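# Let's see this in three dimensions:
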Amino acid sequence: MGLLKTIFIIVLVYYLFKVVSRIFGPLLMKFAVKKAGERFGGQYQAAQKEPVKKEGEVTIDKIPNIKTSNKDVGDYVDYEEVD
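Residues are numbered from 1 along each chain as shown. Okay, the predicted model is just below:
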């Protein structure tokens, strides 16, 4: 009797989930699409507000990383192969 009751509860929860997802699924999708549209729209507007560059004008957007070599790695040892 306990196994039958457990199976009935599982099936009931499954069908309840299906009904609830059909009701609230479209609402959740509309909300997600609206939020994504706001994010993308904000990025688009921020890109449009950048100043217009004149022809021939040079701008540097990023300072390059300065790579330094470590000269204290060790000594070079010349060797000969012995046959």
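
# Does Val19 belong to a helix, a strand or coil?
Assigned by DSSP: H, G, I helix; E, B strand; the rest coil, the conformation of Val19 is helix.

# Please tell me how far it sits from Ile7.
Going from Val19 to Ile7 by Cβ to Cβ, to the nearest Å gives 19 Å. Yep, even glycine has a C-beta here, placed from its N, CA and C like the rest.

# try Glu81
From Glu81 across to Ile7, the span is 79 Å (Cβ to Cβ).

# So if I had to pick from those two, which one is more boxed in?
More crowded of Glu81 and Ile7, by other Cβ atoms under 10 Å: Ile7, with 10 against 4.

# Pop out the phi and psi values for Asp78.
Recorded main-chain torsions at Asp78 are phi -80, psi 140, according to degrees, to the nearest 10.

# That one - how many residues pack around it?
Under the neighbour criterion other Cβ under 10 Å, Asp78 is assigned a count of 4.

# show me where this protein has helices.
Counting by DSSP state H, residue ranges of the helices within the chain are 2-48.

# Low-confidence regions, it specifically.
With pLDDT under 70 as the threshold, the chain has low-confidence stretches at 46-52, 68-74, 83.

# Please repeat the previous calculation with a cut-off of 50.
In the predicted model, the chain carries no residue with pLDDT under 50.

# Report the distance from stretch 26-43 to the chain centre.
When distances are taken as Cα atoms, centre = their mean, to the nearest Å, stretch 26-43 is centred 16 Å away from the chain's centroid.

# Name the residues that touch it?
By Cβ atoms under 8 Å, 6 or more residues apart in numbering, no surrounding residue is in contact with stretch 26-43.

# burial measure for Asp75, as a count.
By the measure other Cβ under 10 Å, the count of residues near Asp75 is 4.
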